[in-house]
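Undergrad: here's my sequence, what's the structure:
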Amino acid sequence: MTREGTFVYGKKRAAIAAVAIALGVAGCGSGGAAPAAEDTGPFTKGRAQADLDGAMADAGAPSADPDWGRAYAKAPAGSAQTCFVFHRGYATKGESVDLGRFEAVMGELSERGWKEQQPKDGVERKAEEMAQAVLLKRGWSLVAEFRSFPEADSYISLAAFDKACVEENGGISAPPGFPLGAEQS
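TA: Predicted coordinates for the structure are as follows:
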């Protein structure tokens, strides 16, 4: 084999590898979604919000209510409220909210690197009408909650906060919706 032949073989191999990588990244032919990109670099408030929004969307959960969490968005600089991100989706005629959808959201969060913590008190977190979970990821805590009401709007709520940011800004007694007895570290 000539050096030129080896070079051509190398070009063909590189082209095949590039096509395989492109198809894998696009999710084509993989039988499912492409794997998430490696989670590197700083885990910022924007990335946390993207995790929440993406998990809800990929699980088919309702879109975020723009009014929910608005007070935190307008919080004064230097307050612990600036350390939070939210996504709360209410059931609509076109989008149902049930325990199965909540479990799908939990699966999506897990795929994004969030690790579920077990409650200290051993209370079962699932019921047909309610479920809560606390998840952790790279210095952040996330409270996931599902509530079903026969006469009111059911919802799935995600509230995450940067623990270091909260401590630096004076702390808080209990994050909104944080289940009592759950591990915070």
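Undergrad: what about residue 92, neighbour count?
TA: Burial of residue 92 is recorded as 12 neighbouring residues (other C-beta atoms under 10 Å). Yep, even glycine has a C-beta here, placed from its N, CA and C like the rest.
Undergrad: check contacts around the residue nearest to it when sequence neighbours are not counted.
TA: Excluding its sequence neighbours, the residue lying closest to residue 92 (C-beta to C-beta, 6 or more residues apart in numbering) is residue 62, at 6.1 Å. Residues in contact with residue 62 (C-beta atoms under 8 Å, 6 or more residues apart in numbering) are 56, 89-92, 95, 97, 155-156.
Undergrad: same question, residue 110
TA: residue 116 are the contacts of residue 110 under C-beta under 8 Å, 6+ apart.
Undergrad: make 6 the first number, not 1, from now on.
TA: Okay, using 6 as the starting number, the last item reads as residue 115.
Undergrad: checking my notes, it in a helix, right?
TA: Yes. Residue 115 forms part of a helix when assessed by DSSP: H, G, I helix; E, B strand; the rest coil.
Undergrad: report the separation between it and residue 60.
TA: 9 Å (C-beta to C-beta, to the nearest Å).
Undergrad: likewise for residue 162?
TA: 12 Å.
Undergrad: strands of this protein, start to end?
TA: Ranges of strands in the chain, per DSSP state E, are 89-95, 120-122, 135-142, 145-152, 160-167.
Undergrad: mind listing the helices for this protein?
TA: Secondary structure of the chain by DSSP state H: the helices cover 8-31, 50-63, 75-78, 104-116, 168-173.
Undergrad: list the buried residues of the second one.
TA: To tie it back to what came earlier, the one meant is helix 50-63. 50, 52-54, 56-63 (16 or more other C-beta atoms under 10 Å).
Undergrad: again, but for the last one
TA: Going by neighbour count (16+ other C-beta under 10 Å), the buried part of helix 168-173 is 168, 171.
Undergrad: got the CA positions of it in PDB?
TA: Output of helix 168-173 as PDB, limited to C-alpha atoms (Å, rounded to 0.1, in the frame of the first residue of the first chain):
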ATOM      1  CA  LYS A 168     -26.900  26.600  48.100                       C
ATOM      2  CA  ALA A 169     -23.700  28.700  48.200                       C
ATOM      3  CA  CYS A 170     -25.600  31.700  46.800                       C
ATOM      4  CA  VAL A 171     -28.300  31.400  49.500                       C
ATOM      5  CA  GLU A 172     -25.700  31.200  52.200                       C
ATOM      6  CA  GLU A 173     -23.700  34.200  50.800                       C
END
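Undergrad: what sits against residue 134?
TA: Here residue 134 is in contact with 152-154 (C-beta under 8 Å, 6+ apart).
Undergrad: who wins on neighbours among those residues?
TA: residue 153 (19 neighbours).
Undergrad: show the pLDDT at the residue lying closest to residue 88 once chain neighbours are set aside.
TA: Among residues not flanking residue 88 along the chain, residue 170 sits closest, at 3.6 Å (C-beta to C-beta, 6+ apart). At residue 170, the model reports a pLDDT of 93.
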